[in-house]
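1. predicted structure and sequence below. I'll ask about it afterward.
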Amino acid sequence: MDRRAFSLIELVVACLILFLVLSLSLPRQNFLTKKVVQSELKTLRTTIHYLQQKSIASNTTQTLTFSLATNTYTYQQANKTITHTLPRQVKFGALAHTLGPPAKPIRPITHAVSFTKNRILFHPNGTISPGTIYLIDRNRTVMYAITCSVAHVSFLRFYQYGNTGWVLV
């Protein structure tokens, strides 16, 4: 018997195997996406701490500027402009219908960066201008925030948005 085609059972079995492999890989992809956003959050946190310490040590005001159009942020280091571009899976933004700021969510988030003129100012006395930065993944499934409140001593807080709202990380 000369067979040149697949039987219906062979096609169904192949489709089931493919479906099984895809269904097992999708949760892993969401896990990896979450880790990429978390990693970017940590990189931004490190940059903010660096600029705060640099401002104190050099007794000069430092600036971290965000570009929402290009998903980048820039600062000066040793007479050079350093530009960090977010990975393609991550961008500045907020999930639809999310309330903010994270510490007291009372109104819809309208801006991915709430710092004045999309800039964080680091003053020589150690204070940081107040505001919030929201990071999401391209598929809009994961969202994190970094906040700096209005206070005599500046400190950062990190939040993750989940099913129950904002959670301090």
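-> Happy to help now that I have it. Here the structure is a predicted model, which is why all the values come from computation and not from measurement.
2. what's residue 70 sitting at in phi/psi?
-> Main-chain torsions, residue 70, degrees, to the nearest 10: phi -110, psi 0.
3. nearest spatial neighbour of it, skipping sequence neighbours?
-> Nearest residue to residue 70, sequence neighbours excluded (Cβ to Cβ, 6 or more residues apart in numbering): residue 85, at 7.1 Å. C-betas here are computed from N, CA, C, even on glycine.
4. relative to residue 165, how far out is residue 83?
-> Using Cβ to Cβ, to the nearest Å, one obtains 34 Å as the distance from residue 83 to residue 165.
5. wait, I meant residue 59
-> In this view, residue 59 and residue 165 are 41 Å apart by Cβ to Cβ.
6. check which helix or strand the most centrally placed residue in the chain maps to.
-> When Cα atoms, centre = their mean is applied to the chain, the residue found nearest the centroid is residue 135 (2.7 Å). In the assignment (DSSP states H and E), residue 135 maps to strand 131-137.
7. neighbours around residue 112, how many?
-> When neighbours are counted by other Cβ atoms under 10 Å, residue 112 registers 19.
8. ditto for the one 4 residues further on
-> For residue 116, the count of nearby residues is 11 (other Cβ under 10 Å).
9. pretty sure it contacts residue 132?
-> No. Counting by Cβ atoms under 8 Å, residue 132 is not a contact partner of residue 116; they are 11.9 Å apart.
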